[in-house]
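Enquirer: What would the 3D arrangement of this be:
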Amino acid sequence: MPADLNDYFKKKSNSNNENKSSFNFKAPNINFKGFGKASGFIYAAIIIILVLVLIRPFAIVNEGEMGIKVTTGSYDPEPLKSGLHFFVPIFQKIIIVDTRQRQMTYTSSDSASSFAVNSGIVDKASISVLDSRGLTVLVNITVKYSLNPTEVPRTIAMWNLNWENKIIDPTVRDVVQSVIGKYTAEELPANRNAIASQINEGITKTISSLQNNPVHLQDVHLREIILPPSVKEQIEKVQIARQEAERATQEAIRRATLAEGEANATIISAKGKADAARIEADAQAYANKEVANSLNTPLLNLRQIEVQGKFNEALKANTDAKIFLTPGGAVPNIWVDTKDAKKQSSTGAN
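Expert: Here you go, the predicted model:
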């Protein structure tokens, strides 16, 4: 290698060594001699702080949570309420359990089978059950519940931290299958309210019968019953036929009502005419009766005298006329006989 290159690398190496030496760090020399006897306490405090930071022999329980102290595998039956709690590392630990309201939702959406830890919401796929004939039906339901705070240690000791999938989920599935299995798929829509009530009662009864009452059930809401496509299509056809029958029935009722109204109107009209004729006949009969009652003997005699007086006046003007009176009645019969036989006539008046 040429001498000039050797000199270059030597200079480069020396410059790097100088830069390294300029960045050398020296630990500060902490001397507690000035504290005298207190220096021992300071050392002990520093060691304790380091142990607390590294080992963390404490736990903080927040509101809405309960703590369980576990000592060599045994659960303390008394739950730890909110606050700061200490434990002995290696031999003890504290398990923090959420006791706020939680929600398990069975749904057919894409969010099924997801679990939101912070919100306490569990989404699962729709519950698949069989109806009384063996047809598959999907049920969407929401259940709200919470752990019994006073029984948290016993609940976790018996069911583990996966208690929701061991208590809530199997109970809901069993009750839903038991209730839906009583009906055919076609009967489910019409009996939805009864089914919701039976599911609520069944889940509540099963959960409340568990040992130590581990869970408080807040609400059970039946959201949807999803029928097989063939059954749904058949139900829709039946509903359409029923609606058409109802419309036909309503039209028949309307026509019958109209016909009945017309018949009633005819009857009323005929009755009115009959009543009018009867009233008119009664009035005529009454008038005839009054007329008949007024024709007494003195009145008839008076009328006869009046007529005879008129004929007497007529005879004065017609001296050749022959008049024959036939007594009887209100007005006597009168026969007129003239000299001209061709003009002979007879007249009768009432």
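Enquirer: Can you pull out the residues in contact with stretch 208-222?
Expert: 101, 139-148, 151, 154-155, 158-159, 163, 167-168, 192, 195-196, 199-200, 203-204, 207 (Cβ atoms under 8 Å, 6 or more residues apart in numbering). All C-beta spots, glycine's among them, are computed from the backbone N, C-alpha and C.
Enquirer: mind checking the longest helix of this protein?
Expert: When the chain is parsed with DSSP state H, its longest helix is helix 229-294.
Enquirer: As CSV, could you dump the C-alpha coordinates of the next helix or strand after that helix?
Expert: Heading C-terminal from helix 229-294, the first helix or strand you meet, by DSSP states H and E, is helix 297-317. Only the C-alpha atoms of helix 297-317 are listed here, as CSV (Å, rounded to 0.1, in the frame of the first residue of the first chain):
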residue,chain,number,x,y,z
THR,A,297,-186.5,15.0,9.8
PRO,A,298,-187.1,18.7,10.4
LEU,A,299,-184.3,19.5,8.0
LEU,A,300,-185.7,17.2,5.3
ASN,A,301,-189.1,18.7,5.6
LEU,A,302,-187.6,22.2,5.3
ARG,A,303,-185.8,21.2,2.1
GLN,A,304,-189.1,19.7,0.7
ILE,A,305,-191.0,22.9,1.4
GLU,A,306,-188.2,25.0,-0.2
VAL,A,307,-188.4,22.9,-3.4
GLN,A,308,-192.1,22.9,-3.5
GLY,A,309,-192.0,26.7,-3.3
LYS,A,310,-189.6,26.9,-6.3
PHE,A,311,-192.0,24.7,-8.3
ASN,A,312,-194.9,26.8,-7.4
GLU,A,313,-193.1,29.8,-8.8
ALA,A,314,-192.3,27.9,-11.9
LEU,A,315,-196.0,26.9,-12.5
LYS,A,316,-197.0,30.5,-12.4
ALA,A,317,-194.8,31.0,-15.6
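Enquirer: mind listing what's buried in helix 297-317?
Expert: Gln304, Val307, Gln308 (16 or more other Cβ atoms under 10 Å).
Enquirer: is it possible to export the residues you listed to CSV including distance to Ile48?
Expert: Output for those, formatted as CSV (distance: Cβ to Cβ, whole Å):
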residue, distance to Ile48
Gln304, 159
Val307, 160
Gln308, 164
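Enquirer: Could you pull up phi and psi at the residue nearest to Thr150 when sequence neighbours are not counted?
Expert: Nearest in space to Thr150, with sequence neighbours left out and distances taken as Cβ to Cβ, 6 or more residues apart in numbering, is Pro79 at 6.9 Å. Dihedral pair for Pro79: phi -70, psi 150, per degrees, to the nearest 10.
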